[in-house]
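*Asks:* Any chance you could fold what I've pasted below:
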Amino acid sequence: MNTEAATSATPSRQPLDEVMLAMDVVDTLRRRERLVKREIEVEGREQDLKEHLRKIYQAQGIEVPDRILAEGVAALREDRFVYKPPAESFHVKLARLYVSRNRWGKWLLGGIGVLMIAWTINYFAFVAPAKALPGEIAAAHAKAAEIASSDRARERAEQLLHAGQTALHNENKDAARQVLRSLEDLRTRLEQEYTLRIVNRPREQSGVWRVPDINTRARNYYLIVEAIDPSGKVLTVPITNEETGKTERVTQWGLRVDEATFQRVARDKQDNGIIEENRVGYKKRGHLLPTYEMRTTGGAITEW
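*Replies:* Numbering: from 1, shown residues only. Just a heads-up that it's a prediction; the model follows:
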């Protein structure tokens with residue numbers, strides 16, 4: 001096989017050291033900007049520029065062939081070894097954004113973290129409880145109905161269930177939550193069993209009277225009572241205040257009685273400081289209201 005033919009058939013490649021040398025020539029030309037400006041812009045002075053370059057390299061002990069010098073000068077003219085930034089495009093912007101990720105990435109991650117925390121708080125504070133409302137209302141009604149032993153208690157449980165279903169149908173979550181609280185209060189009342197007694201301790205009131213706003217000539221009389229369970233413990237009872245309409249959990253409340261009953265209890269206490277007839281009624285488990293042993297409307301107040 002002919003070696004010369006094989007060699008000529010192979011594409012010629014310039015050795016790497018020559019390329020590096022040509023780049024060095026260009027770099028040298030750039031460092032001597034005034035020389036380049038003066039020599040390269042004047043036609044016919046290219047040879048003088050090459051000669052000047054040869055002397056520079058000879059002073060460093062480097063022999064540079066003429067073709068390398070010529071290639072370096074040509075490369076300078078053509079800006080061959082000059083970096084040219086890519087044209088502005090969408091891909092270039094993405095690349096720059098990626099390169100600068102260390103600068104903006106932490107802020108992005110921080111913002112995502114804040115959004116995730118806000119979403120979590122919103123879900124567990126509002127979304128999840130709202131989804132659980134139908135089941136909670138149904139469960140509270142079932143427990144109250146199971147304990148109820150009187151028609152009145154069962155009717156009240158059904159009324160509250162219907163109110164809760166209506167609120168859910170209308171997507172009124174506040175009203176549905178209020179119904180749930182009412183059902184829980186109802187269950188608490190039905191579970192309790194206690195004796196209703198007039199408070200009779202030193203420095204504590206046993207009764208109060210009020211002048212109603214709509215009739216300043218009248219008086220409403222109340223005995224201050226508390227619920228005592230079979231073990232002698234004072235219970236906390238959900239009581240609806242007839243003056244405000246709000247239901248509150250209290251250990252004492254004012255039970256409305258007529259004037260004759262109020263005055264009789266007052267005389268009983270004034271006699272020797274002790275109310276002998278201090279029992280007002282008894283509430284059985286499963287019943288909504290006590291069985292009263294004194295005349296009363298069943299109305300109550302929670303503040304006096």
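
*Asks:* ok, which stretches of the stretch 51-200 of the chain are strands?
*Replies:* 194-198 (DSSP state E, counting those that start in this stretch).

*Asks:* Could I get the full set of helices for it?
*Replies:* Here the stretch 51-200 of the chain has its helices, by DSSP state H, counting those that start in this stretch, at 66-78, 90-99, 101-122, 128-147, 151-169, 173-191.

*Asks:* Now do the shortest one against helix 101-122, angle only.
*Replies:* Orientation of helix 90-99 against helix 101-122 (axes from the mean of the first three to the mean of the last three C-alpha atoms, to 10 degrees) gives an angle of 80 degrees.

*Asks:* CA atoms only: put helix 90-99 into CSV for me.
*Replies:* The C-alpha coordinates for helix 90-99 follow below in CSV (Å, rounded to 0.1, in the frame of the first residue of the first chain):
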residue,chain,number,x,y,z
PHE,A,90,-35.1,32.2,25.3
HIS,A,91,-32.6,29.3,25.7
VAL,A,92,-29.8,31.8,26.6
LYS,A,93,-32.1,33.4,29.2
LEU,A,94,-32.8,29.9,30.7
ALA,A,95,-29.1,29.1,30.8
ARG,A,96,-28.3,32.4,32.6
LEU,A,97,-31.2,31.7,35.0
TYR,A,98,-29.8,28.2,35.8
VAL,A,99,-26.2,29.5,36.3
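
*Asks:* Averaged pLDDT, that helix. What do you get?
*Replies:* Helix 90-99 shows a mean pLDDT of 74.

*Asks:* which strand of the protein spans the most residues?
*Replies:* Secondary structure assigned by DSSP state E gives strand 220-228 as the longest strand of the chain.

*Asks:* hmm, who's touching that strand?
*Replies:* By C-beta atoms under 8 Å, 6 or more residues apart in numbering, the surrounding residues in contact with strand 220-228 are 192, 194-199, 204-212, 234-235, 237, 251-259, 261-262, 265, 280, 283, 294, 300-301, 304. C-beta here means a position set from N, CA and C on the backbone, and glycine is covered the same way.

*Asks:* picking up where we left off before, for the helices of the stretch 51-200 of the chain, which one ends up most surrounded?
*Replies:* helix 173-191 (a mean of 19; mean count of other C-beta atoms under 10 Å).

*Asks:* which other helices and strands contact it?
*Replies:* helix 128-147, helix 151-169, strand 237-240, strand 247-250 (3 or more C-beta pairs under 8 Å, 6 or more residues apart in numbering; DSSP states H and E).

*Asks:* Let's have those in a markdown table, adding distance to residue 217 and mean pLDDT.
*Replies:* Formatted as a markdown table, the helices and strands packed on helix 173-191 follow (distance: least, C-beta to C-beta, whole Å; pLDDT from 0 to 100):
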| stretch | distance to residue 217 | mean pLDDT |
| --- | --- | --- |
| helix 128-147 | 42 | 86 |
| helix 151-169 | 34 | 93 |
| strand 237-240 | 26 | 90 |
| strand 247-250 | 29 | 91 |
